[in-house]
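sequence and predicted structure are below.
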Amino acid sequence: MLLIQQIVNGLMLGSVYVTVAVAFTLTISILNFLNFTIPTLFMVAGMVGWGLAFFGLPFGLGGPLPWPLALAAGIAVAVACSLIVERFTFRYMKMKHGDSTEHAIPLVSSLGFLLILENLVRISYGSDAQRFPGPGADLTANIGGIFIRVPQLVSFVLVIGLILGLVWVINATRTGRGLRAIAENPDAAALLGVEPNRIVPIVFMLTGMLCGLAGALFAVNYGEVSPQMGEDIGSKAIAGMVVGGLGSLWGAVAGGVIVGLIEMLTIHFFGADTVQAAVWGALLITLLIRPQGLFGHNAIGKGKL
Amino acid sequence: MLLEVKDLEVTYGRTKAVRGVSLSVAAGEIVTVLGANGAGKTSLLRALQGARKPQGGQILFDGEDLTGMTASARVARGMALVPEGRQIFVSMTVEENLLMGAYLRTDGEVKRDLEGIYDRFPNLASRKDMRASVLSGGEQQMLAVGRALVSRPRLIMLDEPSLGLSPLFVQRLFDLIEELNSSGISILLVEQNTHMALSVAARGVVLELGRATLSGPAAQLAADPSLAEAYLGAA
């Protein structure tokens, strides 16, 4: 029974990794861009959410907000940050110093934004971990002896819904076709009337939403936020993405779940000390046996989503 | 004149690809631009469609100055470019490729236009839900033309459409160009297949190292002894 409980917990943790891994996959497949600000956006949503719920609005504009509202605001701030990152890493720096095929500039300047955002949060809220005042622990459903916290269940459903929605947008809408077109051949897409300056922000908006949602879910489910919370999640999400197959949306989903399960099952069988070894060991084995990942292909950045 | 180009200059880094080219396409006319590799034909077309910013000169479409307009604004005004090497989206289905041609359209008649394309190209109809990568080179060229047609252009610019096609498909392509023209679409045709291009065009312009060295009615160009020389790039 405890094992099943751990599998359920692994799925719940995995859903956080999935969300962040999908965000990474979007920017890599569509823009051929490894966006280093993704773990930071995750953290920003959690920390801003906590700050608003604990201190209230800045400049004394209002008292502490109820936690769902605070988290929604945190997600909005993450989206806004992501759009600012687009403006400067992708549009300004690229136009000023490179051409449309330049990939090093956005990569390096997104690293710069990681530092800027993380330190802004540290300056505002300090660098300590904080307890997030989420819903109480009494919100637990007991299904045949398996305990599922209701917020976890809700967030699991939210993540699944969001990803299905995302897949639908990419596969079946005009915007999705435009995104796939600039992913495969930005030049031909532009000739047909797709404007990068209009459609690239959509990728960043989705990235901000995914990371923001993941950060909010993490805050609610694990009850703790800190300016460093993105680092571990971000690197595990990358591990999951590579295990699942770089550049594949379903790969990111599978990889995120696998990493979550590995983490929880390792804790169950071998204890918490061995988690890092198990996760990175799984990545190493994947790279040795199936370098393209479970659902991957060998054409990264060639517009296959 | 539907399209009027005056003293156009296009530079890539230090290379002057197009050096003061002027040409025009009247409504309903086929004009061909001939020249060897590196003569500046592709740069000319890319500047016309707004993919490359010209350093000088003027482009008028239906009397309107296109300077500073994005490619998207030009598509919306009725210009379509079928780029060199077809540039279809191989990760998308045939139908999705055609829908990309309708990217800017918001009217409800896109579906009807797609049916029209399928009637014209039955090979595309039978493969509409397959990835475009399964198409042969000739079919891909038809798809690229079809994609341009879905934007309902008044002017189609084709960049070396016959490149790499079998003689059979080349013939079909030029038949298609004449067909489109007789349905009222003006055509600016960039080609290395001089003979075929001059056989469908009303007028021609020969580019040599970025300059228009020769221009006139197609029949006159076809009879010009210096054309073979210009076409081969001998200077």
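Great, that's in hand. Numbering: from 1, shown residues only, chains lettered A, B, ... in the order given.

tell me the contacts of the nearest residue to A:Ser248 once chain neighbours are set aside?
Closest residue to A:Ser248 apart from its sequence neighbours, by Cβ to Cβ, 6 or more residues apart in numbering or on different chains: A:Phe295 at 4.3 Å. (C-beta placed from N, C-alpha, C; glycine too.) Contact analysis of A:Phe295 by Cβ atoms under 8 Å, 6 or more residues apart in numbering or on different chains lists A:Gly244, A:Gly245, A:Ser248, A:Trp250, A:Gly251, A:Ala254.

is it true that the third one touches A:Val242?
No: the pair formed by A:Ser248 and A:Val242 falls short of the contact definition of Cβ atoms under 8 Å, at 10.8 Å.

where do the contact lists of those two overlap?
Shared contacts of A:Ser248 and A:Val242 (Cβ under 8 Å, 6+ apart): A:Gly293.

thinking again about what came up before, okay, the contacts of A:Phe295 in a markdown table with neighbour count and pLDDT next?
Output for the contacts of A:Phe295, formatted as a markdown table (neighbours: other Cβ atoms under 10 Å in any protein chain shown; pLDDT from 0 to 100):
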| residue | neighbour count | pLDDT |
| --- | --- | --- |
| A:Gly244 | 29 | 92 |
| A:Gly245 | 24 | 89 |
| A:Ser248 | 23 | 86 |
| A:Trp250 | 15 | 90 |
| A:Gly251 | 25 | 92 |
| A:Ala254 | 22 | 94 |
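
out of these, which sit inside helices?
Within these, residues falling in helices by DSSP state H are A:Gly244, A:Trp250, A:Gly251, A:Ala254.

now for those: which two are most distant?
A:Gly244 and A:Trp250 (7.4 Å; Cβ to Cβ).

next, count neighbours for B:Met157.
When neighbours are defined as other Cβ atoms under 10 Å in any protein chain shown, B:Met157 has 26 of them.

meant to ask about A:Phe88
With neighbours defined by other Cβ under 10 Å, the count for A:Phe88 comes to 16.

list the contacts for the spatially closest residue to B:Gly35 that is not a sequence neighbour?
In this structure, B:Gly35 finds its nearest non-sequential neighbour in B:Leu207, 3.7 Å apart by Cβ to Cβ, 6+ apart. By Cβ under 8 Å, 6+ apart, the contact set of B:Leu207 is B:Val18, B:Val21, B:Val33, B:Leu34, B:Gly35, B:Ala39, B:Gly40, B:Lys41, B:Leu44, B:Thr213.

now those residues as JSON lines including neighbour count, distance to B:Val5 and pLDDT?
Formatted as JSON lines, those follow (neighbours: other Cβ atoms under 10 Å in any protein chain shown; distance: Cβ to Cβ, whole Å; pLDDT from 0 to 100):
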{"residue": "B:Val18", "neighbour count": "31", "distance to B:Val5": "10", "pLDDT": "92"}
{"residue": "B:Val21", "neighbour count": "26", "distance to B:Val5": "6", "pLDDT": "94"}
{"residue": "B:Val33", "neighbour count": "26", "distance to B:Val5": "10", "pLDDT": "95"}
{"residue": "B:Leu34", "neighbour count": "26", "distance to B:Val5": "16", "pLDDT": "92"}
{"residue": "B:Gly35", "neighbour count": "26", "distance to B:Val5": "15", "pLDDT": "87"}
{"residue": "B:Ala39", "neighbour count": "26", "distance to B:Val5": "15", "pLDDT": "87"}
{"residue": "B:Gly40", "neighbour count": "25", "distance to B:Val5": "12", "pLDDT": "90"}
{"residue": "B:Lys41", "neighbour count": "25", "distance to B:Val5": "13", "pLDDT": "91"}
{"residue": "B:Leu44", "neighbour count": "29", "distance to B:Val5": "8", "pLDDT": "94"}
{"residue": "B:Thr213", "neighbour count": "16", "distance to B:Val5": "16", "pLDDT": "89"}
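
now, the residues you listed that are in strands?
Counting by DSSP state E, those place B:Val18, B:Val21, B:Val33, B:Leu34, B:Thr213 in strands.

what's the farthest-apart pair in these?
Farthest pair in those (Cβ to Cβ) is B:Val18 and B:Leu34. Separation: 14.6 Å.

which of the contacts of A:Phe295 lies closest to chain B?
Set against chain B, the nearest of the contacts of A:Phe295 by Cβ to the nearest Cβ is A:Ser248 (12.3 Å).

before we move on, the earlier item: just checking: which of the ones in helices among the contacts of A:Phe295 also lie near chain B?
Filtering the ones in helices among the contacts of A:Phe295 for proximity to chain B by Cβ under 8 Å from any Cβ of the partner chain leaves nothing.

I'd like the residues you listed as TSV, with distance to A:Leu3 appended.
As requested, the ones in helices among the contacts of A:Phe295 are exported to TSV (distance: Cβ to Cβ, whole Å):
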residue	distance to A:Leu3
A:Gly244	24
A:Trp250	26
A:Gly251	26
A:Ala254	21
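
got the buried residues for stretch B:174-193?
If you call a residue buried by 16 or more other Cβ atoms under 10 Å in any protein chain shown, then stretch B:174-193 has these buried ones: B:174, B:176-177, B:180-181, B:185-193.

circling back to that earlier point, now the residue nearest to A:Ser248: which helix or strand?
Secondary structure assignment for A:Phe295, by DSSP states H and E: no helix or strand.

hmm, A:Pro64 is touching A:Phe55, no?
Yes: taking contacts as Cβ under 8 Å, A:Pro64 lies within contact range of A:Phe55: 6.7 Å.

is A:Ala141 in contact with A:Pro151, as I believe?
No: contact criterion Cβ under 8 Å: A:Ala141 and A:Pro151 do not qualify, at 10.7 Å.

who has more neighbours, the two?
A:Pro151 (20 against 11).

measure the more buried one to chain B for me?
38 Å (Cβ to the nearest Cβ, to the nearest Å).

quick check, that residue in a helix?
Yes: the assignment for A:Pro151 by DSSP: H, G, I helix; E, B strand; the rest coil puts it in a helix.

for it, give me its contacts.
A:Gly134, A:Pro135, A:Leu139, A:Leu217, A:Val220, A:Asn221.

of these, which is the nearest to chain B?
A:Leu217 (31.7 Å).

what packs against the host helix or strand of that closest one?
Using DSSP H and E, A:Leu217 maps to helix A:196-222. Counting contacts by 3 or more Cβ pairs under 8 Å, 6 or more residues apart in numbering or on different chains; DSSP states H and E, helix A:196-222 is packed against helix A:2-31, helix A:38-54, helix A:67-85, helix A:150-172, helix A:174-184, strand A:224-225, helix A:229-244.

may I see the buried residues of it?
Buried-residue list, helix A:196-222, by 16+ other Cβ under 10 Å: A:196, A:199-204, A:206-222.

and for stretch A:225-242?
Neighbour-count burial for stretch A:225-242 [16+ other Cβ under 10 Å]: A:225-231, A:233-242.

okay, now the unreliable bits of chain B?
Low-confidence segments of chain B, defined by pLDDT under 70, span residues B:228-235.

that one against chain A: which residues are in contact?
Residues of chain B lying near chain A (Cβ under 8 Å from any Cβ): B:49, B:51, B:70-72, B:75-76, B:81, B:83, B:87-92, B:96, B:99-101, B:103-104, B:147, B:151.

which element is the residue nearest to A:Asn9 when sequence neighbours are not counted on?
With sequence-adjacent residues excluded and distances taken as Cβ to Cβ, 6+ apart, A:Asn9 is closest to A:Met264, at 4.9 Å. According to DSSP H and E, A:Met264 maps onto helix A:249-270.

mind listing what's buried along that helix?
Under 16+ other Cβ under 10 Å, the buried positions of helix A:249-270 are A:249, A:251-267.

could you give the angle of that helix to helix A:229-244?
Following axes from the mean of the first three to the mean of the last three Cα atoms, to 10 degrees, one obtains 110 degrees for the angle between helix A:249-270 and helix A:229-244.

now the nearest residue to A:Leu13 once chain neighbours are set aside: how far from chain B?
Excluding the flanking residues, the one nearest A:Leu13 by Cβ to Cβ, 6+ apart is A:Gly260, at 4.1 Å. Taking Cβ to the nearest Cβ as the criterion, A:Gly260 is separated from chain B by 30 Å.
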